[in-house]
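Enquirer: Structure for the following, please:
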Amino acid sequence: MLFITSEPSKLLKLKDRDSCNAENELIFERKRAQFGPQKWQKRPFLCLRTRHRDTSSAAGRALRGARENVNRPATCALWKSNLALEAGVHMSSRRDFLKSSTLLCGSLGIMGRASVFAAESNHPSGYFGVHPFVEQHPEAVFILRTHVDRKTNSAASKQVGLDLGRSIFVPMDNTGVPLTHNIATKPNLTAHDPVDKERGFTLEDTMGIATDVFFVEGLFESLKELGVAGSKMHTRDVNGGGVLDARGYLAMGRRVGATVGAAKNTIRTEYDANDARAFVWKEVPDGVVYERIPYLWPFNAPDSWNLNVAKFKAHEMGMTLTAKNWQGTNTAPFQEYCGKWRSIDTMQKLEEVINKECINAKVHEVIEANFKRHTRTLPRWNTPDVLPSDPDYNDAYYYNVLCMELWAHRTIDNHAASPMGLHMIEGIYGRDGDFNYGPNPLGNENNYLGRAWDYMTNVVIFGKNPYLVDIIGHWLGGHEPGNFGLFHIAMERGKLDVMNPMHIPVYEWQDGVAVRRPLTSFTRTPLRSFYLHQLHTKEQLWHLCDEPFDYSQVSEKKLSIPAKPTTRVLNQHYPNANNPQLAIEFSVAKKGWVLVEILDESGKNLEVISNTICDPGYHMAAWNTSKYASGSYKYRLRYNDYNEVHDLVLNKA
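Expert: Residues are numbered from 1 along each chain as shown. Next up is the predicted model:
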């Protein structure tokens, strides 16, 4: 029998040494009163007991060392983050046991932030980052077209994630993210019924509710290739703990070495609120509802990098894309954004218990003033409430305009507190309706109890700004983004400069190259929702918010483009075997023909890497360096009458 703990409050009993996984039962929760609050704080320890006495192998020595150091003050002092197991562990079952028990401890949060058996970085830079063209263009949105034939093709979905990760996660110099940082990943899992026997839904029928696990696994594998240890990768969703097994996240965590769930996700007491191993508190700059928010560790921790991987699907809020997905990083009960005033009142009462000020003291006054004004100015904000006493009432009408007002402000507060690595919508397959309810089959457009369906949408949408990414996502889902209050309120609060999707620079991501495309060149898939259903107009319950919107009513800021062409090399120091592309960015103020050439040191032409008509704006040319040696080169930009040559130093990893 094995027991592992890093604090007296939690004792984990693993029933089977060789099949340890995150389904083993957490059977012991020791009460603080047993020791008293002071002793409780002073007794961190690690206890390992096992009948297996083999201490001749590297694994055995690790266990023996942990036992000998049982009274040392910190878990991380016992388990060295760079401990490497010898390749020849004597017993296969023991090796598997150590691997899986490490995963379990991390996934349940028992080991806290310790990096157990973390692999040493094998990349000389020690840092990574988002592709510099993406990183330096937060005003843009990028779309990858995928070609997966069916949603159950897990190998293909994983390959999409792997190939995309290899092209957008790149080695960096010391301006990047240390490879030792935690990758705090938020997939869309949420609480739902993966199987509904009563309504005839199988696990396959409900796949589109959650972010595809194999896509996430591919992203993680690409980060491992850069040198990030599997034990540094984490997925969390405050409401998704009940579906981790059904959706494949437990198994994925075992394969990758990642942790996939939180040991604690609810704050009930002052002790909970101060548990720094479980929660991370962040101040909200200029918050409307929140003054500070608690996040599930490792989201927003100083040594973490946030990755938001939403799902392309409809929802009661219209579509639940990157802006809404991040809601699940908050601890309970702070994540209840859709609860109207009831949830606000609950948190205000909790403030007194945990001795922290979290909610804006003037929240009622501010929200009510905004709400009154918005009912006159925002699309659909004049939708009448449908009361439970109305014969046409169903659960869809709970999500009324006041709910949308509160949800929008809380969403914007949440993102204001969260520095983000990347926002992404996995849309290999998308979903209409709301969870398991929807407009299908044909003829159920007004039936709340119809079925939601999945569609092979075959897109991945990503960028740095969640509202821009979501505007494009709403448009691709068949909606007109100007009809959604979230984007108007985000613009009012200075988080958004452009709302018209046709004014957002959109790039197709092709084999690691950003190619400017008109948005209309991408396929739209109608994903119907019951968002602010206007019953009084006889609108169908499951509908698209596709009514025309006059964007001239919105004051947008125009993207500034230099009058003279500009060029720069973005990643000349770190092309690598998995991504040999060297990116050259250039800008043109007017539409025209552009030629970009690679020259040797003497000026002889080696290769033409761009020869096309370019619209005004920023563009990217990519040089595949796989057949070239490190050294000095040149590149030339020709644009109309403009002709300029620049030096280029290639330093291959």
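Enquirer: centroid residue for the protein?
Expert: Residue closest to the average C-alpha location in the chain (C-alpha atoms, centre = their mean): residue 308, at 1.2 Å.
Enquirer: Which pLDDT value goes with that one?
Expert: Per-residue confidence (pLDDT) for residue 308: 98.
Enquirer: And residue 173, by the same measure?
Expert: Predicted confidence (pLDDT) for residue 173: 85.
Enquirer: Go through the chain and flag its longest strand.
Expert: Of all the elements of type strand in the chain, the one with the most residues (DSSP state E) is strand 304-315.
Enquirer: Now do the contacts for the closest residue to the residue nearest to the centre of the chain other than its chain neighbours.
Expert: If you skip the residues right next to it in sequence, residue 308 has residue 423 as its closest partner in space, 4.7 Å away by C-beta to C-beta, 6 or more residues apart in numbering. (Each C-beta comes from the backbone N, C-alpha and C, glycine too.) Residue 423 sits next to 308, 310, 322, 462-466, 469 when contact means C-beta atoms under 8 Å, 6 or more residues apart in numbering.
Enquirer: so residue 423 sits in a strand?
Expert: Yes: when classified by DSSP: H, G, I helix; E, B strand; the rest coil, residue 423 is found to be part of a strand.
Enquirer: any idea how far it is from residue 322?
Expert: If you measure residue 423 against residue 322 using C-beta to C-beta, to the nearest Å, the figure is 4 Å.
Enquirer: Overlap of the contact sets of these two?
Expert: Common contact partners of residue 423 and residue 322 (C-beta under 8 Å, 6+ apart): 308, 310, 466, 469.
Enquirer: Spell out the secondary structure type for the residue lying closest to residue 152 once chain neighbours are set aside.
Expert: If the residues on either side of it in the chain are set aside, residue 152 comes closest to residue 204, at 6.4 Å by C-beta to C-beta, 6+ apart. Counting by three-state DSSP, the backbone at residue 204 sits in coil.
Enquirer: wait, residue 204 sits on residue 194?
Expert: No: contact between residue 204 and residue 194 fails when scored by C-beta atoms under 8 Å: they sit 9.9 Å apart.
Enquirer: So which of those two has more stuff around it?
Expert: For residue 204 against residue 194, the residue with the higher neighbour count under other C-beta atoms under 10 Å is residue 194, and the figures read 19 against 12.
Enquirer: And stretch 521-537, what's buried?
Expert: Going by neighbour count (16 or more other C-beta atoms under 10 Å), the buried part of stretch 521-537 is 522, 525, 527-533, 535.
Enquirer: for stretch 609-621, same thing?
Expert: Of the residues in stretch 609-621, those buried by neighbour count under the rule 16+ other C-beta under 10 Å are 609-610, 614, 617-621.
Enquirer: what do you get for stretch 594-608?
Expert: Residues 594, 596-599 are the ones in stretch 594-608 that count as buried (16+ other C-beta under 10 Å).
Enquirer: next one: stretch 636-644
Expert: Judged by neighbour count (16+ other C-beta under 10 Å), stretch 636-644 contains these buried residues: 636-639.
Enquirer: which one of those is nearest residue 153?
Expert: Distance to residue 153, by C-beta to C-beta, is smallest for residue 637 among those, at 41.6 Å.
Enquirer: quick one, what contacts that closest one?
Expert: Taking C-beta under 8 Å, 6+ apart as the test, what residue 637 contacts is 565, 567, 586, 594-596, 643-644, 646.
Enquirer: residue contacts, the nearest residue to residue 332 once chain neighbours are set aside?
Expert: Distances taken as C-beta to C-beta, 6+ apart place residue 266 nearest to residue 332, at 4.2 Å, with adjacent residues excluded. Counting by C-beta under 8 Å, 6+ apart, residue 266 makes contact with 272, 331-333.
Enquirer: one step back: can you redo the buried residues of stretch 609-621 as CSV with distance to residue 439, pLDDT and secondary structure?
Expert: Output for the buried residues of stretch 609-621, formatted as CSV (distance: C-beta to C-beta, whole Å; pLDDT from 0 to 100; DSSP: H, G, I helix; E, B strand; the rest coil):
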residue, distance to residue 439, pLDDT, secondary structure
609, 47, 96, strand
610, 45, 95, strand
614, 42, 96, strand
617, 38, 96, strand
618, 40, 97, strand
619, 41, 97, strand
620, 40, 97, strand
621, 44, 96, strand
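Enquirer: among the residues you listed, which two are most distant?
Expert: Comparing every pair within those by C-beta to C-beta identifies 609 and 617 as the most remote, at 18.3 Å.
Enquirer: Contacts only, for residue 129.
Expert: Contact criterion C-beta under 8 Å, 6+ apart gives 135, 169-170, 172, 175-177 as the residues in contact with residue 129.
Enquirer: who wins for most neighbours among those residues?
Expert: Neighbour-wise, those (other C-beta under 10 Å) top out at residue 170, 28 neighbours.
Enquirer: Is it part of a helix or strand, or is it coil?
Expert: strand.
Enquirer: who's it bridged to?
Expert: In this entry, residue 170 is beta-bridged to residue 129, by DSSP bridges.
Enquirer: got any ranges where the stretch 51-200 of the chain has weak pLDDT?
Expert: For the stretch 51-200 of the chain, the stretches flagged by pLDDT under 70 are 51-124.
Enquirer: Tell me where it has helices.
Expert: Listed in chain order, the helices of the stretch 51-200 of the chain (DSSP state H, counting those that start in this stretch) span residues 58-68, 75-78, 92-107, 132-135, 154-168.
Enquirer: Next, the angle from the last one to strand 304-315.
Expert: Here helix 154-168 runs at 130 degrees with respect to strand 304-315, directions being taken by axes from the mean of the first three to the mean of the last three C-alpha atoms, to 10 degrees.
Enquirer: mind listing what's buried in helix 154-168?
Expert: Judged by neighbour count (16+ other C-beta under 10 Å), helix 154-168 contains these buried residues: 156-168.
Enquirer: Residue 152: neighbour count?
Expert: The number of residues packed around residue 152, counting by other C-beta under 10 Å, is 12.
Enquirer: gap between it and residue 203?
Expert: Here residue 152 is placed at a distance of 10 Å from residue 203 (C-beta to C-beta).
Enquirer: Can you verify my assumption that residue 554 contacts residue 490?
Expert: No: here residue 554 does not reach residue 490: they are 11.5 Å apart, not a contact under C-beta under 8 Å.
Enquirer: who's more crowded, these two?
Expert: Neighbours were counted for residue 554 and for residue 490 using other C-beta under 10 Å; residue 490 has more, 25 against 16.
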